[in-house]
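Colleague: Predicted coordinates and the sequence they were generated for:
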Amino acid sequence: MVARRADPLPARLAADGYAVEDGFLSAARVAALKGCAERRRALGEPAAGRVGGPQDVERRPDIRGDYIGWLAEPLFAAERLLVDDLERLRLEINQLGMLGLFELEMHYAWYPPGTGYARHVDQPRGREQRVVSLIVYLNDSWQPADGGELRLHGLRDPPLDVAPIGGRLVCFRSAAREHEVLVTRAPRLSL
């Protein structure tokens with residue numbers, strides 16, 4: 001079951017424009033999802049992350065070094081459980097914030113050592129999709145020297161850096177929140 005704090009995540013998202021939930025997933029669930037990611041990787045599902053619009057998509061490892069594998073049916077049991085938890089969270093966020101969130105769009109993101117993702121926003125220009133960005137980290141034994149922090153801009157000065165600790169969930173409003181993934185020095189995995 002998902003751990004909940006006294007001040008619910010949807011309330012923190014509404015008040016602050018972002019929320020961080022440590023222990024969103026147990027170590028066992030992180031391990032199960034990491035296993036799912038490895039099975040998908042063995043099937044050749046991840047592809048190099050690309051940048052650009054619908055007409056000019058390209059691989060730019062100097063901007064974006066991750067490899068992504070979209071979560072699609074059929075799902076493994078651990079993935080189905082996570083999707084169910086996130087669907088409940090989507091409904092809670094909608095109830096509190098009236099954001100019009102209609103669906104979940106999810107992918108695994110693998111960052112090899114030496115890669116990151118330059119400063120950007122998740123909502124495509126001129127489109128209304130991706131109202132809330134959500135990240136669940138699947139890294140066990142993450143150390144500060146491993147790098148790979150999510151840097152959220154515009155919240156405070158200096159920006160907020162969030163370490164990609166296994167089981168941690170981060171969410172923020174997509175359209176207005178510039179963010180980046182700092183260069184990682186260890187393999188980094190998230191959903």
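Modeller: Cool, got the structure.
Colleague: Can you pull the poorly scored residue ranges out of the protein?
Modeller: 1-6, 54, 96-102, 123-130 (pLDDT under 70).
Colleague: where along it do the strands fall?
Modeller: Counting by DSSP state E, the chain has strands at residues 18-21, 47-48, 67-70, 107-111, 117-120, 132-136, 150-152, 160-162, 169-173, 179-181, 188-190.
Colleague: Could I get the buried residue list for the lengthiest helix in the chain?
Modeller: In the chain, taking DSSP state H as the definition, the longest helix is helix 77-97. Buried positions in helix 77-97, judged by neighbour count with 16 or more other Cβ atoms under 10 Å: 78, 79, 81, 82, 85, 86, 89, 90, 92, 93, 94, 97. Glycine gets a C-beta too; all of them are placed from N, C-alpha and C.
Colleague: One more: stretch 9-21?
Modeller: Buried residues in stretch 9-21 (16+ other Cβ under 10 Å): 9, 10, 11, 12, 13, 14, 18, 19, 20, 21.
Colleague: Nearest to residue 62 among these?
Modeller: Of all those, residue 62 sits closest to residue 18, with 26.9 Å by Cβ to Cβ.
Colleague: ok, now which ones touch the closest residue to the closest one other than its chain neighbours?
Modeller: Leaving aside its chain neighbours, residue 18 sits nearest to residue 172 (3.8 Å; criterion: Cβ to Cβ, 6 or more residues apart in numbering). By Cβ atoms under 8 Å, 6 or more residues apart in numbering, the residues touching residue 172 are 13, 17, 18, 19, 132, 133, 152, 179.
Colleague: Beta-bridge partners for the residue nearest in space to the middle of the chain, please?
Modeller: In the chain, the residue lying closest to the centroid (Cα atoms, centre = their mean) is residue 135, at 2.1 Å. Beta bridges link residue 135 to residue 170, judged by DSSP bridges.
Colleague: wait, doesn't it sit right on residue 152?
Modeller: No - when contacts are counted by Cβ atoms under 8 Å, residue 135 is not listed as touching residue 152 (10.8 Å).
Colleague: Distance check, residue 95 against residue 174.
Modeller: Per Cβ to Cβ, to the nearest Å, residue 95 is found 19 Å from residue 174.
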